[in-house]
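**Student:** take this sequence and fold it.
(one chain, ligands or ions: 3)
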Amino acid sequence: MTLHPQTVEQFLKSCGTVPPGGLGPFTSLLSHIGIIGKSLARDLRVAGLIDVLGTTGQTNVQGETVKKLDEIANEIFVRVLRQSGVVRALVSEEMEKPVVLSAAGEGSPYLVLFDPLDGSSNTDVNMPLGSIFSVVLPGNGEGRVADADLMRRGVDQVAAGYLLFGSSTMLVVAAGNGVHGFTLDPWLGEYLLTHQNIKIPSKGTVYGANEGNYNKWPPGMRKYFDQLKLVDKAKRRPYSGRYSGCLVADVHRILLVGGIYLYPGETEKPEGKLRLLYEANPLALIVEQAGGAASTGTNRILDIEPVALHQRVPLIIGSRGDVQEAEQCLQGKSSA
Ligand code: AHG
Ligand code: MN
Ligand code: MN
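**Tutor:** Ligands and ions are numbered 1, 2, ... in the order given. Reported below is the predicted structural model:
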């Protein structure tokens, strides 16, 4: 008989440590996020056949065009997290205001902040997509959820993860106990442990960025890119450029093979594009727990004190050595 790898539930039990919020509630949370992943993966597999491609004609709170699949993914997230019974309130990229799912005192421990569909420009071209989630516990225990409970620094996250819809569907999670990746076996309907205790190399040879924006970047950032492309055998340059337009997919590559992903601020738009609470923070927690780093160029992402639910932030994330070089170049301290 072939023994198959552990399911998420078996793995959590076997760890022997109590996950944030307790073993029962945390297992339930991950199993419901797993259901979201299965449901979305099913829709994405047949997206061209079921009239879910294209846009809704609306713009979201970020002023961005909403794809039909953004809306569908958001509805799935809200419905399934509500059913889970363990989520008190949620924040979504696609909704201006938080949604409170259960009253204080009902024993639902988690606040979940998420990007229901990441890389949605990829929907119409059959390219990878993702979903990102951040988990915090309310600061005031069982009391009413206030905005301050949801706007927490990245270091206050008790768990974070992403779903990646690539050639296979994966769930990658960090909950204070290493970073672990599970691959969906669609025939068993289970996520099985395939990537235990992921560690990011301290230096890589891959960069991911939308270089179409090169001339909008500050001089230090342009200089860093110029140097990554120089031929320099000792420094293993030039780096390979890899960019899919889906943050989850691009960071997943870097997490496994090392290197650097950048979505810098621009001279005219210093806050950058990506959102702090449900894109940068959860990915920063995952990458840091795997041994990497995440920075704005001047500050650690996880230390930022949020001022708004949907605030944006520049993001430089990946191998520790690469992130440090980019920071130094951006700050004019070295030539990388
Ligand atoms: P979202 O689809 O959730 O709005 O996120 C899109 C993000 C991210 O996935 C990706 O890295 C980046 O935007 C791509 O932006 P560009 O098209 O500017 O490269
Ligand atoms: Mn996104
Ligand atoms: Mn999105």
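
**Student:** what residues does the stretch 51-200 of the chain have near ligand 3?
**Tutor:** 93, 115, 117, 118 (CB under 5 Å from the ion). Where C-beta positions appear, they are placed from N, C-alpha and C, glycine not excepted.

**Student:** which residues touch the first one?
**Tutor:** By CB atoms under 8 Å, 6 or more residues apart in numbering, the contact set of residue 93 is 60, 61, 62, 74, 114, 115, 116, 275, 278, 279, 310.

**Student:** from those, which ones fall inside helices?
**Tutor:** residue 74 (DSSP state H).

**Student:** returning to that earlier point: could the residues of the stretch 51-200 of the chain next to ligand 3 go into a markdown table alongside distance to residue 293?
**Tutor:** Output for those, formatted as a markdown table (distance: CB to CB, whole Å):
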| residue | distance to residue 293 |
| --- | --- |
| 93 | 24 |
| 115 | 21 |
| 117 | 27 |
| 118 | 21 |
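
**Student:** follow-up on the earlier one: closest to residue 99 among the contacts of residue 93?
**Tutor:** Residue 99 lies nearest to residue 74 out of those, by CB to CB, at 10.4 Å.

**Student:** just checking, that closest one touches residue 92?
**Tutor:** Yes: taking contacts as CB atoms under 8 Å, residue 74 lies within contact range of residue 92: 5.5 Å.

**Student:** joint contacts of those two?
**Tutor:** Common neighbours of residue 74 and residue 92 (criterion: CB under 8 Å, 6+ apart): residue 116.

**Student:** higher neighbour count, these two?
**Tutor:** Each of residue 74 and residue 92 has its neighbours counted (other CB atoms under 10 Å); residue 92 has more, 26 against 21.

**Student:** tell me the secondary structure at residue 138.
**Tutor:** coil (DSSP: H, G, I helix; E, B strand; the rest coil).

**Student:** tell me the confidence at it?
**Tutor:** Note for residue 138: predicted pLDDT of 87.

**Student:** same thing with residue 1?
**Tutor:** On the pLDDT scale, residue 1 is placed at 52.

**Student:** sorry, back to before: which of the residues of the stretch 51-200 of the chain next to ligand 3 sits closest to residue 270?
**Tutor:** residue 93 (20.7 Å).

**Student:** and that closest one, how far is that from residue 216?
**Tutor:** In this view, residue 93 and residue 216 are 23 Å apart by CB to CB, to the nearest Å.

**Student:** strands of the stretch 151-300 of the chain, start to end?
**Tutor:** 159-165, 169-174, 179-185, 190-195, 206-208, 240-241, 260-263, 293-295 (DSSP state E, counting those that start in this stretch).

**Student:** what residues does the chain put near ligand 1?
**Tutor:** Within the chain, the positions adjacent to ligand 1 are 64, 93, 115, 118-121, 210, 245-247, 263, 273 by CB under 6 Å from any ligand atom.
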